[in-house]
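>>> Task: produce atomic coordinates for the following.
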Amino acid sequence: MPHFFSLRALWLTACLLLGGQAHAQAPLVMAISEGTSGGLDHAQVIAKYQGLANVVGGALKLKVNVVFAREFSSLESGMKSGRFDFVMARPSDYPARAMRDDGYSYVASAKPDGHCLIIVPKNSPITQLNMAHGKRFAMPEQVSYMSRFCRAELRDRGFDMAREKVQYVREQAAVGFFLENQFADVGAIASYSGLAKKMEKDGFRLLHKSVAQPYFPLVANRTIRPEQIKAIQKELLALSSSTEGEEILKRIGIDSFDTGAQQSMAELLKWLEK
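Numbers count the residues shown, from 1 in each chain. Sure, this is the predicted structure:
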């Protein structure tokens, strides 16, 4: 009889210890990157995105903390090591590489989608995209995602950008400067850039809008199970139907989430690189 009770006591003690460990599970980590356009510090990023992290955590019944991946190098190393349980990042090629190379899974992307906008001054005689052959282009710096995005779009529209006259500029705002001061005839910018939002006011006209590509994607580490991803997706899709959810979306600067762009994400890098 004493032997029985000692075994039972050991079993109960083990259960309590395991239960305590489960309860004390370390919080999951959601890394946020706003690319080179963001001017926030770590505290501001936490304030901006913790509401979203709470939604994700609520779907999993786990705590999710936000960390700011300020540098692309830290973003990439965190994805490669699996240190980040979730990554929400722009430009979109970083989450796309995490899916291709590091075992991450697509969860959602932001709406509206991303586009490359080809713009000209309002008084430009260029009225159709094919009239831009041989003109002077101003584009974001050559290695940037948006420059690659715009070149891929123009390639598909019959342009050989290696033969065109292209001036690459460090910041997208400089594209507007080049057009305004007649250093370029045609500009290429992101649809979500500051210049795009005030394009008409600043005296520019949309010449061409590219195909849509996923914007600001959210991806999950391989440790997040498919059924957990579905639970998260359900909560993200419901955000736009509640006042609290709309506040979260507004805070992070998007209209809603899309959970149907997995194929587009899987094909993004091939499209950029072909």
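>>> So what touches the lengthiest strand in the chain?
For the chain, the strand with the greatest residue count under DSSP state E is strand 105-114. Residues outside strand 105-114 that contact it (Cβ atoms under 8 Å, 6 or more residues apart in numbering): 86, 92, 95, 99, 149, 190-192, 212-220, 222, 224, 226, 229, 232-233, 236, 254-259, 261-262, 265-266. Using the backbone N, CA and C atoms, a C-beta is placed for each residue, glycine as well.
>>> Tell me which helix or strand in the chain has the weakest average pLDDT.
helix 2-23 (a mean of 46; mean pLDDT, DSSP states H and E).
>>> CA atoms only: put whatever helix or strand comes next after it into PDB for me.
For helix 2-23, the succeeding helix or strand toward the C-terminus, using DSSP states H and E, is strand 28-33. Output in PDB follows, covering the C-alpha atoms of strand 28-33 (Å, rounded to 0.1, in the frame of the first residue of the first chain):
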ATOM      1  CA  LEU A  28       5.900  33.600 -29.200                       C
ATOM      2  CA  VAL A  29       7.700  36.300 -31.200                       C
ATOM      3  CA  MET A  30       6.200  38.300 -34.100                       C
ATOM      4  CA  ALA A  31       8.900  40.300 -35.900                       C
ATOM      5  CA  ILE A  32       7.900  43.400 -37.700                       C
ATOM      6  CA  SER A  33       9.800  45.100 -40.500                       C
END
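>>> quick one: strands adjacent to strand 28-33?
As defined by DSSP bridges, the strand partners of strand 28-33 come to strand 64-68 (parallel), strand 86-89 (parallel).
>>> Kindly state which of the ones you listed is positioned closest to residue 273.
Among those, strand 86-89 comes nearest to residue 273, with 18.7 Å by Cβ to Cβ.
>>> how far is the closest one from where the chain is centred?
How far strand 86-89 lies from its chain's middle: 7 Å, per Cα atoms, centre = their mean, to the nearest Å.
>>> Stretch 67-83 now?
That offset, for stretch 67-83, works out to 14 Å (Cα atoms, centre = their mean).
>>> first to last residue in it, what's the distance?
11 Å (Cα to Cα, to the nearest Å).
>>> what does it contact?
For stretch 67-83, the surrounding residues in contact (Cβ under 8 Å, 6+ apart) are 29-33, 40-42, 45-46, 84, 87, 89, 94, 97-98, 101-104, 221-223.
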